[in-house]
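Peer 1: got a predicted structure plus its sequence, pasted below:
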Amino acid sequence: MQIPRSLRRADTAFFARDSKTLARQLLGQRLVHVTGGTRLSGMIVETEAYLGVIDRAAHTYGGRRTERNSSMWGAGGHAYVYLIYGLHSCMNVVAGRAEEPVAVLIRALRPEKGIDRMYERRAAARRDTDLCSGPGKLCQAMGIDRELDGINLTGDRLFVELLRSRQLPASSIATGPRVGVDYAGEWAAKPLRFAIRDDPNVSRPPPEQ
DNA sequence: CCCGTGATTTAT
DNA sequence: TAAATCACGGGG
């Protein structure tokens, strides 16, 4: 089968931008994990931007630099994967440049390849929209865990395929406050969550603006 | 609504 | 060294 010429991989330059722009730019692109000789993939339909040292909701707020968040301090184009609530992995795409600890949380995918494998990994899922409709769910379905923390996203294991060269029109992007950051004061309300409007795989539709 | 679950962070 | 926290998900 012919691979479309337009299908290129996101490179270092693609990731080296501010996290808010990258969060929008990632919508409609494809996340791929090659594992155990098989390919699992899904189209990114929901993201959140984390703005680094100024952002009270970010793990790097105030310049915090710990063993857990060290991937966020590296160059853009690497993964930041961490465990939350002792149970669930969450995957971020590190944006910007080294020493600028900004990232984009991947919150939901539309499952594409390896859907049968995803069901095997996620016993609780009843339909396709249960597979990747949340940051923990998609990591479980895609087999992404802390072993992949710090991995280079321009390599051959975990990467982004660009399905569109332009970002989606603003009219098809829903925005809203980020999820689960109520502790973050004024930063909790900022519209830093982005989703493809009306996509059934979104973890929860952002409130109407 | 509540609760599991445990690494990480922060307080003492 | 101890306590609190937590970018979540599943089951009532």
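Peer 2: Received, thanks. Remember, predicted model here, so these are calculated numbers, not experimental data. Numbers count the residues shown, from 1 in each chain, chains lettered A, B, ... in the order given.
Peer 1: flag every buried residue along the longest strand seen in chain A.
Peer 2: In chain A, with assignment by DSSP state E, the single longest strand is strand A:38-50. By 16 or more other Cβ atoms under 10 Å, the buried positions in strand A:38-50 come out as A:L40, A:S41, A:G42, A:M43, A:I44, A:V45, A:E46, A:T47, A:E48, A:A49, A:Y50. Bear in mind the C-beta positions are built from the backbone N, C-alpha and C, glycine included.
Peer 1: what's the first helix or strand after that strand?
Peer 2: The first helix or strand that comes after strand A:38-50 along the chain, using DSSP states H and E, is strand A:79-84.
Peer 1: send the alpha carbons of that next one over as PDB?
Peer 2: This file holds the C-alpha atoms of strand A:79-84, laid out as PDB (Å, rounded to 0.1, in the frame of the first residue of the first chain):
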ATOM      1  CA  ALA A  79       7.800  12.500  26.200                       C
ATOM      2  CA  TYR A  80       7.000  13.300  29.900                       C
ATOM      3  CA  VAL A  81       5.200  10.300  31.300                       C
ATOM      4  CA  TYR A  82       4.300  10.100  35.000                       C
ATOM      5  CA  LEU A  83       2.100   8.100  37.300                       C
ATOM      6  CA  ILE A  84      -0.900   9.800  39.000                       C
END
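Peer 1: state the distance from A:A195 to A:E46.
Peer 2: Per Cβ to Cβ, to the nearest Å, A:A195 is found 4 Å from A:E46.
Peer 1: can you tell me which of the buried residues of strand A:38-50 is nearest DNA strand C?
Peer 2: Checking those against DNA strand C with Cβ to the nearest atom of the strand, the nearest one is A:Y50 at 4.0 Å.
Peer 1: quick one: contacts for the residue nearest to the closest one when sequence neighbours are not counted?
Peer 2: In this structure, A:Y50 finds its nearest non-sequential neighbour in A:A58, 4.1 Å apart by Cβ to Cβ, 6 or more residues apart in numbering. A:A58 sits next to A:Y50, A:L51, A:G52, A:P101, A:V102, A:A103 when contact means Cβ atoms under 8 Å, 6 or more residues apart in numbering.
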